[in-house]
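> Quick one, structure for this:
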Amino acid sequence: MKDFKIDRLDYEILALLEKDCSRTYSDIAKELNANIWTVRDRIELLKKRGIIERCRAELDYSKMGYGCEALLFLVINPSKMNEFISFMKSNDKVKGVTVMTGDERLMVYIVDKTCADIKEFIQQKFSGFDLDVKKFNIVLERPKK
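Next up is the predicted model:
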């Protein structure tokens, strides 16, 4: 592939999609005063280059019956990390896994009906992974953008 540089139009398209990824090519073209086919081609190229990885909905878990959202900060044996991440990604309660530097190597975002349910999940499912839960933080509010 030849060199690829993101220009002003690409940044503007990305900014609009980051706020609402369900926007249509037509809607974006109108807002940016651009040709619909140019917008379409740019978005497809941004996808092909891996800059746009996916489009997903932002959910309000409290309205879905989940009363607890938690961020877990973990220390894990590096030899178990990939297995643990795969396991976490396969579980519906887990909404995100982030690998980080620092004392806590992983952050796991979990939702469930109650915080007691999350605690029970941790006790039952984490035991085989040689890890230590350093912090268990309850999410009080996720402000909307």
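
> okay, CA-based contacts and neighbour counts for the rest of this
Fine.

> Contacts only, for the most centrally placed residue in the chain.
Nearest to the mean C-alpha position of the chain, by C-alpha atoms, centre = their mean, lies Gly96 at 5.5 Å. Gly96 makes contact with Lys89, Met107, Val108, Tyr109, Ile110 under the criterion C-alpha atoms under 8 Å, 6 or more residues apart in numbering.

> Kindly provide the distance from it to Leu46.
With distances taken as C-alpha to C-alpha, to the nearest Å, Gly96 is found 23 Å from Leu46.

> now do Val97
Distance from Val97 to Leu46, by C-alpha to C-alpha: 24 Å.

> Could you do Ile118 as well?
For Ile118 relative to Leu46 (C-alpha to C-alpha), the value is 38 Å.

> which SS class is Glu69?
Here Glu69 is strand, with the state taken from DSSP: H, G, I helix; E, B strand; the rest coil.

> Tell me how many other residues crowd it.
Glu69 has 25 neighbours, counted by other C-alpha atoms under 10 Å.

> In terms of helices and strands, where is the closest residue to it other than its chain neighbours?
Closest residue to Glu69 in three dimensions, ignoring its sequence neighbours and counting by C-alpha to C-alpha, 6 or more residues apart in numbering: Val111, at 4.4 Å. Assigned by DSSP states H and E, Val111 belongs to strand 106-112.

> That strand pairs with which strands, parallel or anti?
strand 68-76 (antiparallel), strand 94-99 (antiparallel) (DSSP bridges).
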